[in-house]
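*Asks:* Pasting a predicted model and its sequence here:
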Amino acid sequence: MKHKLDQLQKEFESVLSRVTDRAALEALKNAFLGRKGKLKLLLKEVASLADEERKTIGAIANEVKEAFEVAYGKKERELGTRESGEQREREWMDITEPGRAPREGHLHLTSQAMEEITAIFSRIGFESVRAPEIDWDYYVFESLNMPADHPARDDWETFFVDLPESKKGKMVLTPHTSNSQVRLMEQVKPPIRMININRTYRRQMDITHIPMFHQFEGLLIDKGVAVTHLKGVLDYFALAFFGGGRKTRLRPHHFRFTEPSFEVDISCGVCGGNESGACRLCKGGWLELGGAGMVHPRVLEAGGVDPSVYSGFAFGWGVERTLMMREGIKIDDIRILYKNDLRFVTQF
């Protein structure tokens with residue numbers, strides 16, 4: 001029996017010396033130390049020995065088993081150390097070198113313009129407010145002194161929503177941000193200084209118009225407000241947003257919700273204000289930014305404001321069109337802004 005144990009130990013050591021991976025090590029463990037392994041089967045023969053011999057052989061068998069377990073554990077640690085080294089070699093990276101920064105997005109050019117416009121007006125006390133972009137006909141047209149037969153209230157000009165009418169008329173996608181005027185006057189008493197930037201919708205599509213665009217609406221109501229205050233605010237914005245090399249002008253116009261009313265133009269940033277008519281965008285050196293004027297007394301009355309005590313001015317400009325006229329932008333087609341062309345978007 002002692003000879004058998006010696007032979008088994010030599011066989012174990014021989015097999016163990018050839019083990020090079022964990023699969024082979026696990027197979028060796030099952031073959032020699034498992035429940036049906038060679039050592040277990042050999043120890044069953046010990047029970048048939050005489051008492052004295054059984055004690056001696058039992059002690060030797062325990063030593064052999066312990067030697068197997070020590071040798072197995074040593075080999076397991078060797079394999080673990082080698083595998084860890086190989087893993088480190090595979091996964092090694094030099095953390096002293098700068099990594100590759102992930103690509104990060106940024107706000108769209110239009111969103112950047114809206115943030116800047118809001119900041120410019122906030123510096124002179126205009127508070128940012130929001131009005132619904134889907135609103136009742138009353139706030140969009142009726143309260144702004146627009147009669148029922150006004151062209152803007154035609155299906156070919158405005159997107160009407162197919163919903164039941166209320167006391168305030170039909171639901172519409174707002175064609176301008178002026179619906180914020182009476183809504184705010186109903187909630188806040190003068191003095192009022194507000195700026196409202198929102199999406200607006202019209203049935204138009206060409207190089208200066210798109211069906212969905214953005215406007216910013218300014219409203220100031222107080223005692224003693226005059227056209228000179230309006231001109232000063234517009235000049236302040238033009239200087240802050242466009243810089244000192246551009247010119248603005250007011251042209252008399254007619255709007256139902258302001259009296260007197262003006263169109264506000266700025267010298268074209270694409271052609272530099274060349275009035276020859278050769279510019280694809282402005283066709284005459286000037287580009288219309290939007291309307292402005294003194295708030296009509298009927299609009300003040302609709303908002304619950306006494307026109308004999310208070311006066312005010314309002315203006316509404318397209319964000320995209322204003323952006324297009326900025327120095328260095330040179331965008332000659334408004335539709336470029338929403339083509340999702342990364343070659344264009346990532347420039348800004």
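*Replies:* That came through fine.
*Asks:* where exactly do the helices run in this protein?
*Replies:* 2-17, 22-33, 38-44, 51-91, 109-122, 137-140, 179-187, 227-242, 297-302, 319-324, 342-345 (DSSP state H).
*Asks:* Would you format the ones you listed as CSV with distance to Thr248 included?
*Replies:* Where C-beta positions appear, they are placed from N, C-alpha and C, glycine not excepted. Formatted as CSV, the helices of the chain follow (distance: least, CB to CB, whole Å):
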stretch, distance to Thr248
helix 2-17, 92
helix 22-33, 80
helix 38-44, 99
helix 51-91, 63
helix 109-122, 15
helix 137-140, 28
helix 179-187, 23
helix 227-242, 5
helix 297-302, 25
helix 319-324, 11
helix 342-345, 27
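*Asks:* Out of the ones you listed, which gets the lowest mean score?
*Replies:* Mean pLDDT per stretch puts helix 38-44 lowest among the helices of the chain, at a mean of 71.
*Asks:* on that earlier part again, format the helices of the chain as JSON lines; extra columns: mean neighbour count and distance to Lys283.
*Replies:* Listed next are these as JSON lines, based on neighbours: other CB atoms under 10 Å; distance: least, CB to CB, whole Å:
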{"stretch": "helix 2-17", "mean neighbour count": "14", "distance to Lys283": "92"}
{"stretch": "helix 22-33", "mean neighbour count": "15", "distance to Lys283": "80"}
{"stretch": "helix 38-44", "mean neighbour count": "14", "distance to Lys283": "99"}
{"stretch": "helix 51-91", "mean neighbour count": "13", "distance to Lys283": "64"}
{"stretch": "helix 109-122", "mean neighbour count": "17", "distance to Lys283": "23"}
{"stretch": "helix 137-140", "mean neighbour count": "22", "distance to Lys283": "30"}
{"stretch": "helix 179-187", "mean neighbour count": "22", "distance to Lys283": "31"}
{"stretch": "helix 227-242", "mean neighbour count": "17", "distance to Lys283": "20"}
{"stretch": "helix 297-302", "mean neighbour count": "19", "distance to Lys283": "33"}
{"stretch": "helix 319-324", "mean neighbour count": "23", "distance to Lys283": "14"}
{"stretch": "helix 342-345", "mean neighbour count": "11", "distance to Lys283": "23"}
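*Asks:* Indicate which one of these is closest to Thr258.
*Replies:* Each of the helices of the chain was scored for nearness to Thr258 using CB to CB, and the closest is helix 297-302 (8.0 Å).
*Asks:* Which strands or helices does the closest one pack on?
*Replies:* Where contact means 3 or more CB pairs under 8 Å, 6 or more residues apart in numbering; DSSP states H and E, helix 297-302 is packed against helix 179-187.
*Asks:* List the contacts of the helix it packs on.
*Replies:* Residues outside helix 179-187 that contact it (CB atoms under 8 Å, 6 or more residues apart in numbering) are 129-132, 135, 139-140, 143-144, 192, 194, 196, 198, 217, 219, 221, 257, 295, 299-300, 302-305, 314.
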